[in-house]
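Student: Requesting a structural model of the entry that follows:
(chains A and B)
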Amino acid sequence: MSAFGAIGRRDWLVMLGVALIGLAALFGGWWLAELRIRDTVRGHVISVAERVTEAAAEILDPSDPGSTIGRNPEVRAAVLRLLERTSGVVRVVAFDRNRVVWLDSAGVSAGMEYDGADVGEVFDHNAPLTLLHLSGDEYHVLGSSADEGAIAEIYVPVRRNGEVVGAFELYIDATDNLAQAVRVARIAYAVFAGTILAAIAAILVLVWRSLSRRRRDFIAIDELRRKAEAVSEELADANRRQQRFNADAAHELRTPLAILRARLDAMRPDADVQALKEDVDRMIRQVQLLLELARTESAEPHPLAELDLSALAQDMAARLYPVARRMGRDLVVEAPESAVKIAGDPALIDSALRNLIENALRVSPLGQAVRLVVTDSPPRVAVADHGPGLDSAELAGLMEPFRRGPRGGSAGLGLAIVAEAAKRLKAKLALDRTDDAGGATFSLTFPR
Amino acid sequence: MRLLIVEDEPTLGELLRRNLAARGFAVDLAPSKAEAIAFLDAEEYDAVLLDRGLGDGDGMSLVGHIRGRGSEAGILILTARDAPADRIAGLDAGADDYIVKPFDMDELIARVRAVLRRPGKRLSTVLEVANLRFDAAQRRAYVAEQPLDLSRQEAALLDLLMRKEGAVVRRDEIQRSLYNFDDEVTPNAVDAAISRLRKKLRGAGAAVEIAVLRGVGCMLEAKRQDLAAAAAPPR
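Tutor: Modelled structure (predicted):
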């Protein structure tokens, strides 16, 4: 699968999101640049207007219609020309609250009543008012502005002792100023947009690469998982074949042994027949242990059930008590009244307990009791005998199949079964001395 | 006592038939499922020994056939398979016991008798262990044919122990059986009842013993003469 094909719908949405955020940044930047241009122009014209107003107010009292400059057309024209050349002021009109107090080039007569909402606003708020008239399409940063012009119409309050006594209306040509602001804004915006586009491109490339790597890893992991499943399926299959083989082997071995045993039962009992029976029984026991070991080794990992170790131990003791009595031994159970909870496979626990108790009964001196002790925290079952005892260093060797212990284990298989069951139960098998006199105590400690 | 052996291995079937006949049982041998059904239709058996793997099908399906006819015959499955799952499946199907091949003939007979001693089975009315006899219908016990005086509680306990001779009867089972006579059965009452019965049996010279597996239960068994010889270490 190619990396491109591996990118899913969600990943496309992530990249689309990054692109959209980038576009929004570009648009926001343009909009901010536009505002900035207007602010720059507005700031320039207000500064000019305030300086002009301040200077003019010193020589012109708006509340005095008979002011010198107002009356003399030549002086007025000279002042206007001077203002236009130095500050781009193309028109000046002075008002008091109701009338024009000073003529301008537009020819508005002094003393004329003037219904000016704009003038009124300046009087009310005691602050300059700017109206910016822009020609062209107004998209300064992105669009062309070759033929664009800007005329600012400004009303500046004239104050005497802090009180507004009149207002100047000024028309200021801000075309050059606008063009300059646009030039600066264009450079700044170009840098900004370039940075944003580069960042978006970098992010998209990184996201794309990370996504494709993740996808590739995912595909690789998926492949590994499939392989592991195939191996595990093969193992399970081999295990099933082994179990089938065990069952078949059990049948094929047990049937002739059953015939042999039945034939001996049919014979007249004498010492030879009795000896033969004992030999055959020993062989039967070995075959049974061998089959049990094979079955334990191929036991399916059962879903672990919650069990009561105390009850399991008591059940097993009850089952083996008749055997113990027949052998002239005794069995003692010490288990708490309350349940000792463990998780495990009951068949494996039974197998382990039975082999431990049978071994202990076999090695115990006549008349001695084998003690089966269950304790809680940690969950533990111990089987204690008073036989010849074992060195705990021998334990590892005894757990190997067919290793006969110094105590004469039946075929060295019993402990191998216990060890295998313990491994599958995740229980810890330990060997200790029973007491000062010796003896062996095997214990199984279960995880909580 | 009439037994039916269903076993398709001809040598083993024939040997079983001979061995059981030699011990006084009336025995028929069916080598297949079809023949087993023919025998079951013609005769009433006390117990059926059933091999699982038969040439013409699983012997287990015969359990349903026998129980379907309302027969009280004891059913013992004989099998070469001993995986715990097989064992559970056999007992769940309605069999009374499950015996794994190969087996000792005495053990087999003891298991057949144990099944037949269960309440409702053929041997359930008169129970015998050594010189002790208990008439379950009359609720009377005899030691060497001499009547033994037992309270109703003691008789119930003896009934329970004799039906399960040679096997441990759990304390809770004893407690349940005593509960029929007394609403207040404490664990101590179980011990007291066992102790009283034991004393009476011993006093009357019964050749049986009640062995106690402390905390778990107790077991009735015939007194052993040759304990030391039987218990010789296997080394």
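Student: Enumerate the residues of chain B near chain A.
Tutor: Residues of chain B lying close to chain A (C-beta under 8 Å from any C-beta of the partner chain) are B:9, B:11-12, B:15-16, B:18-19, B:22, B:53, B:80-85, B:100-105, B:166-168, B:170, B:211, B:213-217, B:219, B:221, B:227-228, B:230-231, B:233-235. (Each C-beta comes from the backbone N, C-alpha and C, glycine too.)
Student: Quick one, which of those are buried?
Tutor: Those of the residues of chain B next to chain A that meet the buried threshold are B:9, B:12, B:15-16, B:18-19, B:53, B:80-83, B:100-103, B:105, B:166-168, B:170, B:211, B:213, B:216-217, B:219, B:221, B:231, by 16 or more other C-beta atoms under 10 Å in any protein chain shown.
Student: May I see the buried residues of the strand or helix carrying A:L395?
Tutor: Take DSSP states H and E as the rule and A:L395 turns out to sit in helix A:395-398. By 16+ other C-beta under 10 Å, the buried positions in helix A:395-398 come out as A:L395, A:L398.
Student: cool, stretch A:157-170 as well?
Tutor: A:P157, A:V158, A:V164, A:V165, A:G166, A:A167, A:F168, A:E169, A:L170.
Student: tell me the two of those that are most distant?
Tutor: Largest separation among those by C-beta to C-beta: A:V165 and A:L170, giving 17.0 Å.
Student: So chain A: which segments form each domain?
Tutor: A:3-198, A:304-445 (automatic domain parsing).
Student: Surely A:S443 forms part of a strand?
Tutor: Yes: the assignment for A:S443 is a strand, going by DSSP: H, G, I helix; E, B strand; the rest coil.
Student: State the helix or strand in which the closest residue to it other than its chain neighbours lies.
Tutor: Spatial nearest neighbour of A:S443, excluding adjacent residues (C-beta to C-beta, 6 or more residues apart in numbering or on different chains): A:A382 at 3.9 Å. Using DSSP H and E, A:A382 sits in strand A:380-384.
Student: what does that strand rub up against?
Tutor: Where contact means C-beta atoms under 8 Å, 6 or more residues apart in numbering or on different chains, the residues beyond strand A:380-384 that reach it are A:309, A:313, A:353, A:356-357, A:360, A:370-375, A:434, A:439-446.
Student: that older thread, specify the beta-bridge partners of the residue nearest to A:S443.
Tutor: Beta bridges link A:A382 to A:V373, A:S443, judged by DSSP bridges.
Student: so what does the biggest helix by length in chain B touch, helix or strand wise?
Tutor: When chain B is scanned for its longest helix (criterion: DSSP state H), the result is helix B:187-203. Counting contacts by 3 or more C-beta pairs under 8 Å, 6 or more residues apart in numbering or on different chains; DSSP states H and E, helix B:187-203 packs against helix B:152-163, helix B:171-179, strand B:208-213.
Student: how deep is A:L320 tucked in, by neighbour count?
Tutor: When neighbours are counted by other C-beta atoms under 10 Å in any protein chain shown, A:L320 registers 23.
Student: which one is it nearest to, not counting chain neighbours?
Tutor: Using C-beta to C-beta, 6+ apart, the nearest residue to A:L320 is A:I357, at 5.2 Å.
Student: As TSV, the helices and strands packed on helix B:187-203 with mean pLDDT would be great.
Tutor: Below are the helices and strands packed on helix B:187-203 laid out as TSV (pLDDT from 0 to 100):
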stretch	mean pLDDT
helix B:152-163	92
helix B:171-179	86
strand B:208-213	94
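Student: Which of the helices and strands in chain B ranks last by mean pLDDT?
Tutor: When the helices and strands of chain B are scored by mean pLDDT, DSSP states H and E, helix B:227-230 comes last with a mean of 45.
Student: circling back: tell me which residues of the helix or strand encompassing the residue nearest to A:L320 are tucked away?
Tutor: Assessed by DSSP H and E, A:I357 sits inside helix A:346-363. For helix A:346-363, the neighbour count (16+ other C-beta under 10 Å) marks A:347-363 as buried.
Student: Show me where the chain dips below the pLDDT cut-off.
Tutor: Let's take chain A. Counting by pLDDT under 70, chain A contains low-confidence ranges at A:1-8, A:59-72, A:98-116, A:136-139, A:141-148, A:301, A:403-411.
Student: Wait, chain B was what I had in mind.
Tutor: B:122, B:181-185, B:225-235.
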